[in-house]
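Novice: no FASTA, just this:
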């Protein structure tokens with residue numbers, strides 16, 4: 001019997017049957033009815049009527065709609081009795097139902113799901129396997145612990161949300177994660193191996209709270225749409241057998257596993273003190289598959305952000321005693337309201353109008369120490385007079401110590417600004433680093449000239465560390481800057497004249513020769529491609545065991561002698577044309593994409609050079625003195641599972657183009673603060 005519509009009201013008691021997931025209880029006077037949410041038919045809903053008639057209607061209704069497997073609905077009722085986890089003593093407030101019916105909403109978790117996998121909240125087909133995979137995908141993307149599926153609160157939430165879902169054990173979720181890892185790894189492998197350009201790899205060392213070390217290998221490249229991309233390829237757990245001289249073998253194994261050794265353009269290490277023998281051994285093992293510059297400098301790159309962090313640590317260590325005094329002074333002033341009030345009065349007497357409040361620092365985050373020093377310096381006059389008004393204050397600094405603090409804080413300000421540029425840029429192409437690093441170089445030269453022995457000796461130590469980095473990376477930095485149409489050779493000439501003075505011309509010529517040497521390698525490759533003798537997808541000539549390799553010198557000779565006297569190369573044409581006007585909206589990758597037809601060979605080279613990671617710093621660890629530390633949740637996992645979760649998280653959140661745009665997904669960081 002059909003009944004007239006009425007407004008939904010709050011049900012008087014908890015409805016335990018799964019049938020009520022498909023009916024809304026309504027009341028008219030003293031009579032209760034059940035309203036089918038699929039067809040709006042009204043049936044008796046009193047407690048004395050039971051649910052058999054509702055179940056029978058539901059089977060007929062759902063059969064007509066063909067949207068829900070009724071057998072799953074009935075099976076859920078049986079499983080409820082057999083469950084091994086008792087939730088009887090746990091209850092959650094269901095809350096009051098809405099007056100209006102919820103309209104079916106289409107949700108899509110995975111962008112690559114097929115249409116028949118999209119589910120509908122109101123009338124969709126429930127899929128246990130699809131839900132298991134979605135759960136695993138959620139755990140991967142957001143960095144949740146695998147053990148969350150064993151938490152009682154999670155089980156209760158899922159039971160109330162979807163009674164048909166059978167909560168899977170930890171091992172099943174781990175297996176689903178490994179399945180996703182396998183599928184996504186194949187996609188990344190195919191993407192990288194289809195590239196026409198080459199890839200660059202960054203090598204980073206991580207650690208755990210248990211002092212276990214890890215090797216993270218990340219591929220950086222510019223794709224066919226001229227979008228900068230990066231993918232973590234391997235996250236290897238290092239044991240005691242992996243000594244430093246074996247790191248080259250670990251890295252080479254990763255290269256071969258991904259079949260990228262033949263496409264490698266540059267390697268970037270996060271530590272400037274990395275043993276040069278490691279790099280030499282890697283070069284030796286793959287050099288027969290790719291030509292290197294005679295100097296090899298474009299191949300061996302070190303992270304700019306890490307060398308700045310290392311230099312900052314030298315400055316912080318030199319100023320350690322002064323910093324401790326300032327830290328103690330701030331602590332004393334803020335120890336009580338009376339002391340703070342007295343300090344404020346002194347500040348007003350000496351004319352300090354700063355609106356900043358004294359603050360403590362976090363010693364492992366050097367930017368916070370900088371902020372503490374900067375603020376304390378504004379209250380220098382008050383601190384100097386505080387001993388006269390408060391005999392208990394014993395951490396006073398001398399005038400010389402205040403001068404040291406002022407100078408070093410000025411140094412830290414420069415490093416802070418540059419580190420923010422490195423870590424905050426969404427498009428970290430290689431061209432952006434040269435002017436920043438040159439500014440550091442010029443300042444270090446000036447600081448070494450300080451008449452104060454304390455400051456000059458500190459600067460000399462800092463510059464020695466910087467010089468080691470500069471000797472390895474200056475050519476790579478300069479070449480990348482030249483490939484910025486706003487700068488070209490002019491930027492190199494501008495900075496080198498300040499850095500090298502009378503020997504600047506010789507240094508500029510070294511850079512000019514270096515970029516020409518690299519361009520010639522790409523030109524020869526272009527000739528070989530035209531002749532059909534180069535490997536597909538290679539941007540530099542490759543070799544094999546074919547006897548034709550004996551004529552590689554002839555190929556180069558043929559290329560050089562076949563050029564018309566009046567012909568002009570891409571590089572010469574590019575350098576002779578005026579620089580592009582500087583503006584803040586300039587996108588260098590878009591510029592090269594547009595000008596690729598005009599500079600076919602040079603653009604091929606620019607793609608590889610600009611994709612080189614000149615820095616490997618992550619935003620969350622840019623100012624961290626302790627390095628990158630894996631959280632306990634990930635470090636406690638099996639090595640294979642850990643690698644699968646970390647790599648897949650990176651792949652899933654980095655959909656095509658996400659590197660160049662803000663991502664809607666913000667997975668939890670895999671970092672913790674060192675204690």
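Specialist: Perfect, I can see it now. This one's a predicted model, so the numbers in the text were calculated from it and none came from an experiment.
Novice: which residues of this protein score low on pLDDT?
Specialist: Counting by pLDDT under 70, the chain contains low-confidence ranges at 1-16, 62-124, 241-245, 272-275, 287-298, 526-567, 619-620, 626, 654-675.
Novice: all strands in it, in order from the N-terminus.
Specialist: 23-28, 31-36, 42-44, 106-107, 119-120, 199-207, 213-222, 228-238, 264-269, 300-302 (DSSP state E).
Novice: for these, which one sits closest to residue 525?
Specialist: With CB to CB, the closest approach to residue 525 among those belongs to strand 264-269: 12.3 Å. To be clear about C-beta, it is placed using only N, CA and C from the backbone, and glycine gets the same treatment.
Novice: circling back to that earlier point, would you mind giving the strands of the chain as TSV with mean neighbour count added?
Specialist: Below are the strands of the chain laid out as TSV (neighbours: other CB atoms under 10 Å):
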stretch	mean neighbour count
strand 23-28	19
strand 31-36	19
strand 42-44	17
strand 106-107	10
strand 119-120	16
strand 199-207	23
strand 213-222	22
strand 228-238	21
strand 264-269	23
strand 300-302	24
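Novice: buried stuff in stretch 47-59?
Specialist: Neighbour counts over stretch 47-59 (16 or more other CB atoms under 10 Å) mark 51, 54, 55, 57, 58 as buried.
Novice: make JSON lines from those and add distance to residue 437 to it.
Specialist: Converted to JSON lines, the buried residues of stretch 47-59 look like this (distance: CB to CB, whole Å):
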{"residue": "51", "distance to residue 437": "74"}
{"residue": "54", "distance to residue 437": "73"}
{"residue": "55", "distance to residue 437": "73"}
{"residue": "57", "distance to residue 437": "75"}
{"residue": "58", "distance to residue 437": "70"}
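Novice: filter those residues down to the ones in helices?
Specialist: Mapping the buried residues of stretch 47-59 onto helices (DSSP state H) picks out 54, 55, 57, 58.
Novice: now the third one. Nearest residue, chain neighbours left out?
Specialist: Using CB to CB, 6 or more residues apart in numbering and skipping the chain neighbours, the partner closest in space to residue 57 is residue 43 (6.1 Å).
Novice: could you do the last one as well?
Specialist: Spatial nearest neighbour of residue 58, chain neighbours left out: residue 22 (5.6 Å); criterion: CB to CB, 6+ apart.
Novice: count the residues that sit near residue 45.
Specialist: A count of nearby residues for residue 45, using other CB atoms under 10 Å, gives 23.
Novice: measure it to residue 197 for me?
Specialist: Distance of residue 45 to residue 197, given as CB to CB, to the nearest Å: 67 Å.
Novice: could you list the domains of this protein?
Specialist: The chain breaks down by the TED database into domains covering 18-64, 179-303+625-652, 308-505.
Novice: nearest to residue 587 among the ones you listed would be which one?
Specialist: Taking CB to CB, domain 308-505 is the member of the domains of the chain nearest to residue 587, at 7.2 Å.
Novice: quick one: the closest one to chain centroid distance?
Specialist: Put simply, domain 308-505 sits 27 Å off its chain's centre (CA atoms, centre = their mean, to the nearest Å).
Novice: end-to-end on it?
Specialist: For domain 308-505, the first and last residues are 27 Å from each other (CA to CA, to the nearest Å).
Novice: check stretch 331-341 too.
Specialist: Taking CA to CA as the measure, stretch 331-341 stretches 14 Å from start to finish.
Novice: and that stretch, which residues are buried?
Specialist: Buried positions in stretch 331-341, judged by neighbour count with 16+ other CB under 10 Å: 332, 333, 339.
Novice: of these, which is the nearest to residue 425?
Specialist: residue 333 (37.8 Å).
Novice: how close does the closest one sit to residue 351?
Specialist: Separation of residue 333 from residue 351 (CB to CB) stands at 18 Å.
Novice: still on that earlier bit, farthest-apart pair in the ones in helices among the buried residues of stretch 47-59, please.
Specialist: By the measure CB to CB, 55 and 57 form the most distant pair in these, at 7.4 Å.
Novice: now the closest residue to residue 31 other than its chain neighbours: how far from residue 21?
Specialist: When the adjacent residues along the chain are set aside, residue 31 lies closest to residue 46, with 7.0 Å between them (CB to CB, 6+ apart). Residue 46 sits 19 Å away from residue 21, going by CB to CB.
Novice: go on, residue 128?
Specialist: As judged by CB to CB, residue 128 and residue 21 stand 16 Å apart.
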